[in-house]
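Participant: Build me a model from this:
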Amino acid sequence: MGVNLSDIVTAHEISLKDLKGRVIAIDAYNSLYQFLSIIRQPDGTPLRDSRGRVTSHLSGLLYRTANYMAEGIKPVYVFDGRPPELKMRTIQERMHVRTRALEEWEEALERGDLEEARTRAQQASFLTRDMVDEAKKLLDHMGVPWVQAPSEGEAQAAFMAQRGDAYASASQDFDSLLFGTPRLVRNMAITGKRKLPRKRVYVEVKPEMLVLNETLKNLEITREQLVDIGILVGTDFNPGIKGIGPKTALKLIKKFGSLERVMDEKGIVIENYEEIRNIFLNPPVTNEYKLQWMWLDEQKLLEFLCEEHDFSRERVLSAVEKIKMFKKYREQRSLDAWF
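Facilitator: Predicted structure coming up:
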């Protein structure tokens, strides 16, 4: 979910080819939830193996990551750690929404309303600890590095981009900008034609990039003021102020300069605002990670996906060929370095 800044930020359409040779720090939970939501049967049922275990997340992770690598992109997935205490309210609300959506999905199936069922099913996606462990195992077999964040994955990805270890963060959430990523890539995991909910309309979703310095310059604000705007609108750590959207929040911060002055002038009370601000400006992160893209273990990959989770061997081998293209690209880059 995250903070909604879509009305005030400018995104530039890009293609995956524009990211060739770049290290992209991907918000793992964000991507896995997207795969769980999108990769489903017509009635909303997720993909499952013969033992009833959900495999939608593994399918998305394999084929999407293979596509990245075929384009010469160097993906690294960043997994969430322990969430800040202030996020617990949001987590509980999301659990309630998903539980209710699950009930509505089952009701829609009983009525035979498949379109409504699929819509509700997409809202009922649950990411379990086992799914996360399976995702990490799959990445290991593919030779793709992953990083365990101490807290928010977006914060860790932004930190890696700030250090120059990654070119950009990849997430659907604008929070990455508040966490200070120099570049944010959106729509990496959902590129292609997507059906609009409850409409017989399909739209083409393309990757887009937002540049933090450009955003701040265009809005004529500082990053600290961008964080204050986010707090006014609402984040994962606070509900925001009713009636204040991104455009109004921007006007207020530009007029009064800071969140404190806005609260004083408008009689607004935002609890824990200093703690929320600190979460974005000084989040818990780690520099103890290694970014190494190893050669894939084809045998273990086939055993894990085909024998353990009933994947099509032909389709997995197709993904393997794309991953091998990544190795050829890296070898060519190494050869070019000698000339």
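Participant: contacts for the helix or strand hosting Leu226?
Facilitator: Per DSSP states H and E: Leu226 is located in helix 223-233. Helix 223-233 has contacts (Cβ atoms under 8 Å, 6 or more residues apart in numbering) with 3-5, 8, 174-175, 177-178, 180, 212, 215-216, 219, 221, 238, 240-241, 244-246, 249-250, 252-254, 257-259, 262, 270, 273, 276-277, 280-281. All C-beta atoms are positioned from the backbone trio N, CA, C, and that covers glycine.
Participant: What segments of the stretch 151-300 of the chain are helices?
Facilitator: Secondary structure of the stretch 151-300 of the chain (DSSP state H, counting those that start in this stretch): helices at 153-163, 175-178, 212-219, 223-233, 246-256, 259-266, 273-281, 298-302.
Participant: from those helices, which stretch is densest packed?
Facilitator: Comparing the helices of the stretch 151-300 of the chain by mean neighbour count (mean count of other Cβ atoms under 10 Å), helix 175-178 ranks first with a mean of 30.
Participant: could you give me the average pLDDT of that helix?
Facilitator: On average, the pLDDT along helix 175-178 is 96.
Participant: Equivalent analysis for stretch 123-139, please.
Facilitator: Per-residue pLDDT over stretch 123-139 has a mean of 94.
Participant: start at 52 instead
Facilitator: I'll keep to 52 as the first residue from here, and by that count the last item is stretch 174-190.
Participant: ok, and for that stretch, which residues are buried?
Facilitator: Residues Gln174, Ala175, Ser176, Leu178, Met182, Val183, Glu185, Ala186, Lys187, Leu189, Leu190 are the ones in stretch 174-190 that count as buried (16 or more other Cβ atoms under 10 Å).
Participant: residue contacts, the second one?
Facilitator: Residues touching Ala175, when contacts are defined by Cβ under 8 Å, 6+ apart, comprise Arg149, Thr150, Ala152, Leu153, Trp156.
Participant: That one and Pro134, how far apart?
Facilitator: 21 Å (Cβ to Cβ, to the nearest Å).
Participant: What of the first one?
Facilitator: Using Cβ to Cβ, Gln174 is found at 21 Å from Pro134.
Participant: The fifth one too?
Facilitator: From Met182 over to Pro134 the distance is 17 Å, taken as Cβ to Cβ.
Participant: Give me the residue ranges of the stretch 102-251 of the chain where confidence is low.
Facilitator: For the stretch 102-251 of the chain, the stretches with pLDDT under 70 are 242-251.
Participant: ok, now with 90
Facilitator: Residues of the stretch 102-251 of the chain meeting the criterion pLDDT under 90: 137-177, 240-251.
Participant: Can you pull out the residues in contact with stretch 351-358?
Facilitator: Leu109, Leu113, Lys188, Leu189, His192, Met193, Phe362, Ser363, Arg364, Val367, Leu368, Val371.
Participant: quick one: contacts for the fifth one?
Facilitator: Meaning His192. Leu347, Asp348, Lys351, Leu352, Phe355.
Participant: Just name the closest of those residues to Asp100, please.
Facilitator: Phe355 (11.2 Å; Cβ to Cβ).
Participant: Tell me, how many residues neighbour the closest one?
Facilitator: Using other Cβ atoms under 10 Å, Phe355 has 20 other residues around it.
Participant: And the protein, what are its domain boundaries?
Facilitator: Under the assignment automatic domain parsing, the domains of the chain span 52-270, 271-333.
Participant: right, and those - which one's nearest Phe377?
Facilitator: domain 52-270 (3.6 Å).
Participant: where do the strands sit along this structure?
Facilitator: Along the chain, the segments classed as strands by DSSP state E run 63-64, 74-78, 125-130, 197-199, 219-221, 234-237, 243-246, 253-256, 259-262.
Participant: which outside residues touch the longest one?
Facilitator: Where contact means Cβ under 8 Å, 6+ apart, the residues beyond strand 125-130 that reach it are 72-80, 82, 116, 119-120, 183, 186-187, 190, 195-200, 204-205, 207-208, 211, 217, 342, 344.
Participant: Same question for the shortest one.
Facilitator: The contact list for strand 63-64 (Cβ under 8 Å, 6+ apart) reads Lys257, Pro258, Glu259, Met260, Leu261, Val262.
Participant: Provide a list of residues in contact with the third one.
Facilitator: Residues near Glu259 by Cβ under 8 Å, 6+ apart: Ala62, His63, Glu64, Ile65, Val236, Arg237, Asn238.
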